[in-house]
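Peer 1: Sequence and predicted model, in that order:
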Amino acid sequence: SEQLTLQTDFVTLTRFILDEQHKVGTAATGDLSMLLNHIQLTCKFIAHNIRRATLINLIGLAGAANKSGEEQKKLDVLGNKIFVDAMKACGKVGIIISEEEEEPIFVAGDGKYAVVCDPIDGMLQLRYSADHVGSSNLDAGVSVGTIFGIYKLPDDRDHQVEDVLRPGKEMICAGYCMYAASANLVLTTGNGVNGFTLDNSLGEFILTHPNLRIPESRNIYSVNEGNSVYWHEPEPYSARYIGSMVADVHRTILYGGIFAYPSDKKSRDGKLRLLYECFPMAFLIEQAGGIAWNGKQRILDVVPKGIHARGPVWLGSKKEILKAQEIFKKYD
Ligand code: AHG
Ligand code: MN
Ligand code: MN
Ligand code: MN
């Protein structure tokens with residue numbers, strides 16, 4: 001008889017999270033599992049609303065700006081609200097840091113974790129002229145995403161902002177969800193990287209990319225050549241730049257290559273924020289076997305000076321970053 005192609009022993013993210021908890025043994029309280037399940041719910045909710053964004057008039061400006069001086073899009077505000085409400089509801093979070101929140105949110109109770117988040121990444125503003133704010137990637141149907149990272153909080157004193165001004169290497173978990181043709185959630189808890197695809201009919205993220213490893217090398221580079229001098233390479237490289245960090249990093253993990261957002265005259269520290277863009281992506285890239293560097297040092301060793309502090313980013317395939325480091329040495 002014809003072999004049934006329907007897979008029946010699939011792993012959902014919910015099951016994966018519990019399996020990870022069981023690996024820790026009885027010491028695990030289940031708090032991180034509860035937190036991660038609230039994060040996956042948030043991603044499902046955002047995915048659902050993004051799909052309908054144009055239909056429910058979610059496109060366009062919210063009429064306010066965030067701490068990074070960017071006009072907030074309605075989706076930035078909605079994504080932020082969904083995330084903050086879920087983090088408050090799960091009862092496991094003591095501090096919430098969001099790109100769209102000027103100050104840290106201290107949550108009453110005994111939450112043991114700090115969560116840093118870029119609720120909607122890739123909503124960059126393409127400004128055509130002084131008065132006309134262009135449409136963002138989303139309006140053009142380009143993938144956007146949510147980025148998150150988790151620090152464990154000290155449990156012997158009240159929480160304070162210094163509890164998140166720590167190097168990225170102290171994060172215990174990081175991930176992103178990319179809202180594309182399907183919603184792809186990629187996660188690390190320090191034991192490698194796993195990718196899940198949302199099955200809309202089941203409402204579950206299914207494990208589709210177990211133990212993701214980034215190719216050692218790949219002739220793809222991803223940088224906004226508009227604001228940087230690019231390299232002259234012996235063999236031709238392909239330029240792939242979407243302008244949505246989640247989409248550019250996801251492609252880099254799957255296909256290899258180098259993604260960069262260097263510092264330049266316009267942005268002395270680069271554009272991407274350390275806590276909720278550089279650190280989670282650097283953690284994932286290292287866990288997938290790649291390198292994440294800021295032009296001087298390992299990104300995960302950097303200590304952020306403020307919750308919205310920025311940093312230069314060079315990340316991707318090991319051999320491609322080593323090549324970039326050689327070039328830096330030559331011109332230093
Ligand atoms: P966000 O939408 O969270 O503000 O992030 C936008 C970022 C990031 O997604 C992307 O890599 C970068 O902006 C693109 O910047 P440029 O348009 O300057 O290349
Ligand atoms: Mn923004
Ligand atoms: Mn972003
Ligand atoms: Mn954002």
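Peer 2: The structure has been received and is ready for your questions. Ligands and ions are numbered 1, 2, ... in the order given.
Peer 1: quick one: the closest residue to residue 294 other than its chain neighbours from ligand 1, how far?
Peer 2: Leaving out its chain neighbours, the residue that sits closest to residue 294 by Cβ to Cβ, 6 or more residues apart in numbering is residue 312, at 4.8 Å. To be clear about C-beta, it is placed using only N, CA and C from the backbone, and glycine gets the same treatment. Relative to ligand 1, residue 312 is positioned 12 Å away (Cβ to the nearest ligand atom, to the nearest Å).
Peer 1: now do residue 48
Peer 2: Computed with Cβ to the nearest ligand atom, the distance linking residue 48 and ligand 1 is 20 Å.
Peer 1: Is that residue part of a helix or strand, or is it coil?
Peer 2: helix (DSSP: H, G, I helix; E, B strand; the rest coil).
Peer 1: Got the confidence number for it?
Peer 2: Looking at residue 48, its pLDDT is 91.
Peer 1: Residue 140 too?
Peer 2: Confidence score, pLDDT, at residue 140: 66.
Peer 1: same deal with the one 3 residues further on?
Peer 2: Note for residue 143: predicted pLDDT of 90.
Peer 1: again with residue 75
Peer 2: The per-residue pLDDT reported for residue 75 equals 83.
Peer 1: Now the helix or strand hosting it - C-alpha only, CSV.
Peer 2: Assigned by DSSP states H and E, residue 75 belongs to helix 74-90. The C-alpha trace of helix 74-90 is given here as CSV (Å, rounded to 0.1, in the frame of the first residue of the first chain):
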residue,chain,number,x,y,z
LYS,A,74,1.1,50.9,14.5
LEU,A,75,2.4,47.4,14.4
ASP,A,76,5.4,48.4,16.6
VAL,A,77,3.0,49.6,19.2
LEU,A,78,0.6,46.6,18.9
GLY,A,79,3.4,44.1,18.9
ASN,A,80,4.9,45.8,21.9
LYS,A,81,1.6,45.8,23.8
ILE,A,82,1.0,42.1,23.1
PHE,A,83,4.5,41.2,24.3
VAL,A,84,4.4,43.3,27.4
ASP,A,85,1.0,42.1,28.4
ALA,A,86,2.0,38.4,27.9
MET,A,87,5.3,38.9,29.9
LYS,A,88,3.3,40.5,32.8
ALA,A,89,0.7,37.8,32.7
CYS,A,90,3.1,34.8,32.9
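Peer 1: how much distance is there from that helix to the middle of the chain?
Peer 2: The chain centroid and the centroid of helix 74-90 are separated by 16 Å under Cα atoms, centre = their mean, to the nearest Å.
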